[in-house]
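Asks: Got a sequence here, can you build the structure:
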Amino acid sequence: MTEPASIEKQPRKILGLHPNVFFMGVTSLLNDISSELIFTLLPLFMSNVLGTSSTIIGLVGGISDSTDSLFRIVSGWFSDKIGKRKLLTVLGYAFSTAVKPFMLLANSWGAVAGVRLGDRVGKGVRSSSRDALIADSVNEKERGRSFGLHRAMDTSGAVIGLIIAAIIVYLIPGDRFHLEKNAYHWMIIIGIIPAILAVVVLMTLVHERKQLATTAKGDISKPTTITPFSNQFKLYLVIMALFTLGNSSDFFLILDAQHVKTPLVQVVMMLVLFNITYALVSMPMGVLSDKIGRKRVISIGWFIYGLVYLGFALSTSIWQIWILFAVYGIFYGICEGVARAFVADMVPTQRRGTAYGLYNGVVGLMALPASLIAGVLWDRIAPAAAFYFGAGLALLAMVGMIFIIKERRV
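Replies: Residues are numbered from 1 along each chain as shown. This is a model prediction of the structure:
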């Protein structure tokens with residue numbers, strides 16, 4: 001199916017792409033600085049300060065991700081219906097920003113869960129419409145590169161946020177192996193500022209695509225029809241669900257780093273390294289997927305994920321954890337943007353919002369059982385059992401991708 005003809009004047013490109021892609025990247029960069037400061041070390045706050053068990057930590061991570069997914073499904077469908085991607089994107093970022101200050105008051109795992117739930121509601125409202133807005137802003141040959149650039153900028157924000165977190169941990173006296181309440185509160189206070197700036201950039205510099213509104217309303221000279229999703233897209237969602245069932249919350253990677261007696265500053269710097277490799281790999285992998293196809297790139301990424309989780313299961317020393325975090329970033333850089341670009345390849349233009357809602361919904365809904373299973377395996381058997389489970393499902397999903405999914409563009 002060909003892309004709809006543009007009915008608006010094309011703006012001057014930034015880095016060879018539509019300015020919407022760049023400024024959505026800036027928005028994500030600022031928001032990720034905030035989120036990394038406030039939420040990345042949340043499992044250590046729950047474990048070290050509140051004394052929460054691994055099972056409950058997994059439950060909080062899983063419920064928040066699944067809530068996110070439910071709102072992604074609805075918001076994606078609604079953005080197709082009203083033809084306004086930016087409106088929902090702004091509302092989502094603004095809501096997440098509004099709830100973050102309440103983390104300063106959280107003194108129980110239930111309160112933490114409530115704030116995290118609110119943040120994930122905002123993410124669920126914005127994510128599908130944001131992805132659809134990026135896809136609407138570029139042509140088919142630029143999708144991989146566009147999503148790669150967006151992920152690279154998003155992850156660069158994570159690097160900045162984590163470096164700030166490391167500085168806070170270093171400057172505030174305390175236990176070198178555990179996160180303390182005072183340091184965490186400073187992370188929250190500082191993290192609120194870039195979240196507000198992200199909303200300002202989004203509101204002022206990102207613009208709705210005029211052709212989208214026209215498509216959504218329909219041409220009055222032709223009957224409006226709903227193009228069904230292909231069986232290949234449905235199979236892709238099933239295989240993605242299988243992979244995600246083994247992709248438990250990254251909370252467990254942080255807990256594993258602490259499990260081998262890694263000093264807190266090193267834990268934060270491991271996350272910095274993870275995000276640096278993620279950012280460096282995202283753009284080249286997006287470009288590569290434009291040339292050789294998304295399927296091959298995603299399969300390679302899942303194979304790497306399986307090896308990384310096997311590594312976490314077998315690791316016994318700090319230097320091994322450093323290497324695993326770096327390679328884990330390579331997995332993310334390979335798969336995150338490319339998997340989203342693959343969705344746009346497989347569905348009709350006018351149903352991209354709904355498609356991204358379904359895709360994000362499947363990923364998010366499976367996050368709850370994935371994190372619950374990992375938490376139970378961690379507490380009842382051993383930390384390694386959670387990682388063996390994730391590695392096995394990743395390799396099964398890779399086989400399904402290779403032999404079941406066909407590379408086909410709409």
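
Asks: who touches A386 in this structure?
Replies: S248, F252, I373, A374, G375, L377, W378 (C-beta atoms under 8 Å, 6 or more residues apart in numbering). Every residue, glycine included, has its C-beta placed from N, CA and C.

Asks: Looking at these, which has the smallest pLDDT value?
Replies: pLDDT across the contacts of A386 is lowest for S248, at 84.

Asks: So it sits against A370, correct?
Replies: Yes - assessed by C-beta atoms under 8 Å, S248 is found in contact with A370 at 4.6 Å.

Asks: and for those two, which residues touch both?
Replies: Contacts common to S248 and A370, judged by C-beta under 8 Å, 6+ apart, are G62, G390.

Asks: Please tabulate the contacts of A386 in a markdown table, including the columns secondary structure, neighbour count and distance to A394.
Replies: Formatted as a markdown table, the contacts of A386 follow (DSSP: H, G, I helix; E, B strand; the rest coil; neighbours: other C-beta atoms under 10 Å; distance: C-beta to C-beta, whole Å):
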| residue | secondary structure | neighbour count | distance to A394 |
| --- | --- | --- | --- |
| S248 | coil | 29 | 11 |
| F252 | helix | 26 | 14 |
| I373 | helix | 20 | 14 |
| A374 | helix | 28 | 13 |
| G375 | helix | 26 | 18 |
| L377 | helix | 23 | 15 |
| W378 | helix | 24 | 18 |
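
Asks: wait, which of these is closest to I82?
Replies: Closest to I82 out of the contacts of A386 is S248 (35.0 Å), distances taken as C-beta to C-beta.

Asks: low pLDDT regions in this structure?
Replies: Low-confidence segments of the chain, defined by pLDDT under 70: 1-10, 210-227, 408-410.

Asks: Can you tell me which residue is spatially central in it?
Replies: Geometric centre of the chain, nearest residue: E336, 7.2 Å, by C-alpha atoms, centre = their mean.

Asks: A strand includes it, no?
Replies: No - if the criterion is DSSP: H, G, I helix; E, B strand; the rest coil, then E336 is helix and not within a strand.

Asks: Can you classify the nearest residue to it once chain neighbours are set aside as helix, strand or coil?
Replies: Leaving aside its sequence neighbours, E336 sits nearest to R151 (C-beta to C-beta, 6 or more residues apart in numbering; 5.1 Å). Look at R151: counting by three-state DSSP, its state is helix.

Asks: Report how many residues lie close to A111.
Replies: 14 (other C-beta atoms under 10 Å).

Asks: Which elements pack onto the helix or strand that contains it?
Replies: Element membership for A111 (DSSP states H and E) is helix 109-136. Secondary-structure packing of helix 109-136 (3 or more C-beta pairs under 8 Å, 6 or more residues apart in numbering; DSSP states H and E): helix 19-39, helix 54-82, helix 85-99, helix 143-171, helix 210-217, helix 318-346, helix 352-380.

Asks: quick one: the third one to helix 54-82, angle?
Replies: To tie it back to what came earlier, the one meant is helix 85-99. Taking axes from the mean of the first three to the mean of the last three C-alpha atoms, to 10 degrees, one finds that helix 85-99 is oriented at 150 degrees with respect to helix 54-82.

Asks: buried residues in helix 85-99?
Replies: Residues 85-86, 88-97, 99 are the ones in helix 85-99 that count as buried (16 or more other C-beta atoms under 10 Å).

Asks: Ok, the last one next?
Replies: Within helix 352-380, the residues that count as buried by 16+ other C-beta under 10 Å are 352-368, 370-379.

Asks: my guess is F233 contacts A355, does it?
Replies: Yes - assessed by C-beta under 8 Å, F233 is found in contact with A355 at 7.0 Å.

Asks: Find the residues that touch each one of these two.
Replies: Common neighbours of F233 and A355, using C-beta under 8 Å, 6+ apart, are V343, M346, V347.

Asks: Are any of the residues you listed buried, and if so which?
Replies: Listed as buried from the shared contacts of F233 and A355 are V343, M346, V347; burial here means 16+ other C-beta under 10 Å.

Asks: Quick one: those residues as a markdown table, columns for distance to P383 too.
Replies: What follows is the buried ones among the shared contacts of F233 and A355, written out as a markdown table (distance: C-beta to C-beta, whole Å):
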| residue | distance to P383 |
| --- | --- |
| V343 | 33 |
| M346 | 37 |
| V347 | 39 |
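
Asks: List just the nearest of those to Y184.
Replies: Comparing the buried ones among the shared contacts of F233 and A355 against Y184 with C-beta to C-beta places V343 closest, at 36.0 Å.

Asks: Pretty sure that closest one sits against Y356.
Replies: Yes - between V343 and Y356 there is a contact under C-beta under 8 Å: 6.0 Å.

Asks: what touches both of the two?
Replies: D131.

Asks: How far does stretch 267-279 sit from its chain's centre?
Replies: When distances are taken as C-alpha atoms, centre = their mean, to the nearest Å, stretch 267-279 is centred 15 Å away from the chain's centroid.

Asks: Can you tell me what sits against that stretch?
Replies: For stretch 267-279, using C-beta under 8 Å, 6+ apart, the contacting residues are 36, 40-41, 44, 151-153, 155-156, 158-159, 162-163, 165-166, 169, 254, 257-258, 262, 321-322, 325-330, 332-333, 336.

Asks: want to try TSV for the contacts of A386, with distance to L307 as columns?
Replies: Shown next, in TSV, are the contacts of A386 (distance: C-beta to C-beta, whole Å):
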residue	distance to L307
S248	17
F252	17
I373	20
A374	18
G375	23
L377	19
W378	20
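
Asks: which ones are touching the nearest residue to G76 once chain neighbours are set aside?
Replies: Take G76 and drop its neighbours on the chain: the residue closest to it by C-beta to C-beta, 6+ apart is G357, 2.3 Å away. By C-beta under 8 Å, 6+ apart, G357 lies in contact with R72, I73, V74, S75, G76, W77, S128.
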